[in-house]
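# Next comes the sequence, and after it the predicted model I'd like to discuss.
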Amino acid sequence: MSKNGLSKQDSDPFLTRYGLTCEEAYPVALALYRKERDYLELTYGDKNNLSAFYKQATYGGFQPEKAPTSGWLDFVGNDRRKAWEQLGTLSTSAAKAGFCQLMLKTSGKSFEAAMMKAKRDKFNRMERERVAQREAERKKREEAEAKKNDSSNVTLLSHHEEELEKERNQRASVYEQQQNVLQKQHEGVKVDLAPAPAAVARNSSTPTTTESSYPTSAGNHCVKSTAQASQAALSTGSTGNGSVTRGNQEVPPALLASAAAAIWTRPGVKEFTESTECKNVTVNRSDTLYIRVPIETLSHSVFWQFATVDYDISFAVDFYPGQLPAEEKNAFDPKNRILEPRRVNSHEEVICGSHKPTQPGYYVLHFDNTYSYLRSKSIYFHVYCAP
């Protein structure tokens with residue numbers, strides 16, 4: 001062994017052999033020495049040199065105050081003190097390398113096993129650090145992309161809201177135009193009916209004010225109400241034989257129900273369902289609700305408005321001349337259909353419609369939910385008669 005305890009080989013041979021620097025190998029070698037020093041085959045000089053390397057790596061050059069006081073007869077203490085003094089100004093890294101080389105020489109396989117375990121631990125630690133770094137970089141990229149997407153979504157949402165606002169305005173404009181046309185048509189009906197007061201008088205013998213709606217046990221509804229609004233109608237008059245005239249043509253009673261009903265939509269489902277004039281009923285799944293509306297004077301039309309909650313519904317209207325039957329019957333004649341069945345998006349828009357009768361009778365409003373096997377439908381409706 002040379003004066004400084006180092007061999008002539010490279011000062012850091014453990015990096016090539018074990019993938020560990022001397023700084024990393026020294027704690028492993030020191031732990032192995034403390035664990036197995038009673039079982040290692042060390043000479044007296046090896047023990048003194050290991051002690052000297054340890055003190056040099058821990059405190060640096062020889063410091064008398066760090067060396068234990070030994071008497072003349074303390075041969076071991078004096079020898080270890082001299083070994084530390086002989087290291088002189090050896091650097092701490094060189095002292096650690098000397099300690100590791102001496103442990104490799106004296107412990108052999110135990111040192112090799114400890115170094116390989118430390119190498120595996122280092123590799124696993126570095127792998128965990130790489131994984132953690134990649135995960136941090138991935139999260140950073142995702143956050144950047146999320147911020148970018150949020151900015152794009154805000155722009156798209158703003159554009160979508162603008163489109164919806166334009167659509168609402170267009171619907172409101174169309175609805176206003178329809179109301180103006182209906183108002184003008186209604187004023188035209190009043191003028192056409194003026195020359196035939198006798199016919200109107202014969203058909204107006206029954207009072208027009210009746211009681212409010214009531215439900216029946218069979219799931220049907222009969223609706224009677226006072227005049228609240230106006231609607232377009234055909235110019236009609238009555239003849240003495242029970243027929244009805246349209247213009248200059250006479251229409252027999254059998255063809256009265258063929259006149260199609262008017263139907264349109266308007267926005268404002270939420271406001272409509274919250275209004276006090278609406279009644280609420282439920283149509284069970286795979287079932288149909290019928291609402292009967294008697295008309296006892298030709299000077300009135302029937303109007304309907306309805307909306308549903310969350311889902312659509314199929315809707316149709318029939319007109320039957322004559323008196324409302326005492327017993328509720330659900331057998332209907334397609335020939336009396338004035339509005340063909342159709343599925344309407346009544347959960348998105350309020351469905352409105354009207355029809356002008358040409359002789360006394362009653363209407364049947366069909367709310368058909370037979371196509372839905374899972375969901376019942378909640379309907380808010382308002383049916384009324386008006387001149």
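Right, received. Where do you want to start?
# packing partners for the helix or strand hosting residue 135?
Element membership for residue 135, per DSSP states H and E: helix 109-193. The contact analysis (3 or more Cβ pairs under 8 Å, 6 or more residues apart in numbering; DSSP states H and E) places helix 109-193 against helix 14-18, helix 22-36, helix 92-107, strand 262-266. In short, each C-beta sits where N, CA and C put it, glycine included.
# Now do that helix and helix 22-36, the angle between them.
For helix 109-193 against helix 22-36, the angle by axes from the mean of the first three to the mean of the last three Cα atoms, to 10 degrees is 120 degrees.
# all helices in the stretch 201-350 of the chain, in order from the N-terminus.
269-274 (DSSP state H, counting those that start in this stretch).
# any weak-confidence spans in it?
By pLDDT under 70, the low-scoring segments of the stretch 201-350 of the chain are 201-259, 326-331.
# From the rest of the structure, what touches stretch 315-329?
For stretch 315-329, the external contacting residues (Cβ atoms under 8 Å, 6 or more residues apart in numbering) are 216, 218, 220, 222, 253, 256-257, 261, 290, 292, 294, 304, 306, 332-333, 336-344, 346, 351, 353, 355, 357, 359-368.
# next one: the helix holding residue 135 to chain centre, how far?
How far helix 109-193 lies from its chain's middle: 10 Å, per Cα atoms, centre = their mean, to the nearest Å.
# go on, stretch 273-283?
On Cα atoms, centre = their mean, the centre of stretch 273-283 falls 29 Å from the chain's centre.
# Need the distance between the two termini of it.
Terminal residues of stretch 273-283 are spaced 16 Å apart (Cα to Cα, to the nearest Å).
# Now that stretch: buried residues?
Of the residues in stretch 273-283, 273, 279, 281, 283 count as buried by neighbour count, 16 or more other Cβ atoms under 10 Å.
# Ok, stretch 55-70 next?
By 16+ other Cβ under 10 Å, the buried positions in stretch 55-70 come out as 55, 56, 57, 62, 67.
# Stretch 319-338 too?
319, 320, 321, 324, 336, 337, 338.
# Give me the phi and psi angles of residue 267.
Dihedral pair for residue 267: phi -80, psi 180, per degrees, to the nearest 10.
# same deal with residue 376?
Note on residue 376: backbone dihedrals following degrees, to the nearest 10 are phi -80, psi 160.
# From residue 272, how far off is it?
Remark: distance between residue 376 and residue 272 (Cβ to Cβ, to the nearest Å) = 20 Å.
# So which of those two has more stuff around it?
residue 272 (22 against 13; other Cβ atoms under 10 Å).
# Tell me who's in contact with the more buried one.
Per Cβ under 8 Å, 6+ apart, neighbours of residue 272: 278, 305, 307, 350, 380.
# Show me which of these are buried.
Here, 16+ other Cβ under 10 Å leaves 305, 307, 350, 380 buried among the contacts of residue 272.
# Assess the claim that the last one and residue 306 are in contact.
Yep, that's residue 380 we're talking about. Yes. With contact defined as Cβ atoms under 8 Å, residue 380 reaches residue 306; the gap is 6.5 Å.
# okay, the residue lying closest to residue 17 once chain neighbours are set aside: pLDDT?
Spatial nearest neighbour of residue 17, chain neighbours left out: residue 115 (7.8 Å); criterion: Cβ to Cβ, 6 or more residues apart in numbering. Listed pLDDT for residue 115 reads 82.
# same deal with residue 373?
Residue 373 carries a pLDDT value of 92.
# helix/strand/coil for it?
Following DSSP: H, G, I helix; E, B strand; the rest coil, residue 373 is assigned to coil.
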